[in-house]
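Asks: After the sequence you'll find the predicted model.
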Amino acid sequence: FESLFKTMNNSQFKSGGVGEGPQNGSFPLDRMHECDEKIKAYFACLSRHNNYASECRQETRDYLSCRKAKGLMSEKDFQDAKVPHPDAPKADFHAWKERQKSNSYKKTG
């Protein structure tokens, strides 16, 4: 699941919102695979939305809620993750990406 955290970190960077890690070290691994379906849904969502995490807030919340329910994450860690509500306004990733492209052309030209 190491790739999960890399993907989550990259996706959070794109969304502009990065929460805090757990207070007492890393999250326990889901050794019993109790939340596999939730994480698969999250990755499928990322795949559908070009790794833009803002489009997958519900899946993120579902996955973290599963971890919390199974004792793999505390309520405090869940709150510290600062996952916005699915209905909260989203940054316009596509506009940002276009601005990045046009800025790179200005630098090289």
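Replies: Yep, that arrived.
Asks: Helices of this structure, residue ranges please.
Replies: Assigned by DSSP state H, the helices in the chain fall at 2-15, 36-48, 57-69, 75-80, 93-108.
Asks: Quick one: neighbours of the nearest residue to residue 30 once chain neighbours are set aside, just the number.
Replies: Using C-beta to C-beta, 6 or more residues apart in numbering and skipping residues adjacent in sequence, the residue nearest residue 30 is residue 72, 5.8 Å away. From N, CA and C alone the C-beta is placed, and that goes for glycine too. Per other C-beta atoms under 10 Å, the neighbour tally for residue 72 reads 18.
Asks: gap between residue 95 and residue 57?
Replies: Here the criterion is C-beta to C-beta, to the nearest Å. By it, residue 95 lies 19 Å from residue 57.
Asks: Give me the more crowded residue out of those two.
Replies: Using other C-beta under 10 Å as the criterion, residue 95 and residue 57 rank with residue 57 on top: 19 against 9.
Asks: Distance check, the closest residue to residue 61 other than its chain neighbours against residue 103.
Replies: Spatially, and ignoring its direct neighbours in sequence, residue 61 is nearest to residue 83 (5.4 Å; C-beta to C-beta, 6+ apart). Noted for residue 83: a distance of 29 Å to residue 103, by C-beta to C-beta.
Asks: and the two? which has more neighbours close in?
Replies: residue 83 (21 against 10).
Asks: That one: what's it in contact with?
Replies: 19, 57, 60-61, 64 (C-beta atoms under 8 Å, 6 or more residues apart in numbering).
Asks: In the protein, where is pLDDT below threshold?
Replies: 1-27, 93-94, 96, 100, 104-109 (pLDDT under 70).
Asks: how about a cut-off of 50?
Replies: When residues are selected by pLDDT under 50, those of the chain lie in 1-2, 6-7, 9-16.
Asks: And residue 47, how far from residue 40?
Replies: Distance of residue 47 to residue 40, given as C-beta to C-beta: 10 Å.
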